[in-house]
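K.L.:
With the sequence up front, the predicted model follows.
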Amino acid sequence: MTGTVGLLHTVPALAARFDADLAAAAPGLRRLHVVDGWLLEAAIAGGEQARIEAGVAGHLRHLVEAGADAVLVTCSSLGDATDAAAGSVPVPVIRVDEAMAREAVALATAPGARGRIAVLATLASTLGPTGRLIGRTVGAHPPQVLAEVVEGAAQARAAGDTALADRLVAAAVTRAAAEADVVVLAQASMAEAAGLAESAVPVLTSPAGGVADLVRTVRGGA
């Protein structure tokens with residue numbers, strides 16, 4: 001498959017993960033990455049929305065000027081800024097959590113479902129953008145969104161203890177699954193914890209859906 005895609009990250013480690021996923025999903029695609037950790041820091045701190053939107057828009061333009069036919073923003077905390085900046089470039093801009101939100105709504109509104117989506121994040125800054133995205137995805141009978149920040153997981157990850165962070169997320173998944181039809185892990189960095197959790201309901205992560213949306217868009221199937 002030929003073509004060029006751009007990816008905007010706020011966590012350096014995720015660049016390698018998404019690069020490998022794209023290489024496996026669509027060999028031959030040229031992949032351009034930009035990492036800007038300040039954007040996430042500003043989103044966590046709050047009060048910098050105009051600067052965040054300007055930063056996202058600048059990175060989008062840079063990736064398009066470098067040849068990107070579509071861009072994936074891999075940070076869910078930048079969801080609102082991504083929506084605001086997407087119109088500044090002439091190519092599709094995809095939020096990493098879009099596919100996950102669509103699937104979660106479909107599961108929670110299926111016949112026999114309880115109409116509940118549990119959204120877990122390690123950062124409070126992610127809950128708002130993901131919750132609003134789910135709200136825009138729903139139809140006539142919107143599901144209830146049960147949002148939770150996983151206590152201690154962000155601190156563990158920041159300290160380099162990813163194993164502890166994943167265990168804390170997995171435990172939160174198990175608790176949330178008892179109350180919901182589907183559990184959504186709002187941040188791409190939480191994806192590894194999904195395999196550790198005991199859950200009788202689907203646990204959705206964003207990287208696979210984001211990559212699939214990006215590849216489908218470049219192929220002309222969006």
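P.N.:
That came through, no problem.
K.L.:
Ala86 is in contact with Val93, isn't it?
P.N.:
Yes - using C-beta atoms under 8 Å, Ala86 is in contact with Val93, at 3.9 Å. Any C-beta I mention is one placed from the backbone N, CA and C, and that applies to glycine too.
K.L.:
Would you check how far apart Val184 and Ala165 are?
P.N.:
17 Å (C-beta to C-beta, to the nearest Å).
K.L.:
more crowded one of these two?
P.N.:
Shown here are Val184 and Ala165; by other C-beta atoms under 10 Å, Val184 has more neighbours (33 against 24).
K.L.:
isn't the more buried one right up against Thr126?
P.N.:
No - checked against C-beta under 8 Å, the pair Val184 and Thr126 is beyond contact range at 10.5 Å.
K.L.:
Buried residues in the helix or strand bottoming out on mean pLDDT in the chain, which are they?
P.N.:
None of the helices or strands of the chain scores lower by mean pLDDT, DSSP states H and E than helix 124-137, at a mean of 88. Neighbour-count burial for helix 124-137, with 16 or more other C-beta atoms under 10 Å as criterion, is recorded at 125-131, 133-134, 137.
K.L.:
for stretch 161-176, same thing?
P.N.:
Neighbour-count burial for stretch 161-176 [16+ other C-beta under 10 Å]: 165-174, 176.
K.L.:
for it, the distance to its chain's centre please.
P.N.:
18 Å (C-alpha atoms, centre = their mean, to the nearest Å).
K.L.:
Stretch 87-106 now?
P.N.:
Put simply, stretch 87-106 sits 9 Å off its chain's centre (C-alpha atoms, centre = their mean).
K.L.:
got the buried residues for it?
P.N.:
89, 91-105.
K.L.:
Check stretch 23-37 too.
P.N.:
Using 16+ other C-beta under 10 Å as the test for burial, stretch 23-37 gives 26, 29, 31-36.
K.L.:
sorry, back to before: which elements pack onto the helix or strand following the least confident helix or strand of the chain?
P.N.:
Going down the chain from helix 124-137, the next helix or strand is strand 144-149, by DSSP states H and E. Applying 3 or more C-beta pairs under 8 Å, 6 or more residues apart in numbering; DSSP states H and E, one finds that strand 144-149 makes contact with strand 116-121, helix 124-137, helix 162-177.
K.L.:
among the ones you listed, which is nearest Ala45?
P.N.:
Comparison of those against Ala45 by C-beta to C-beta identifies helix 124-137 as nearest, at 8.5 Å.
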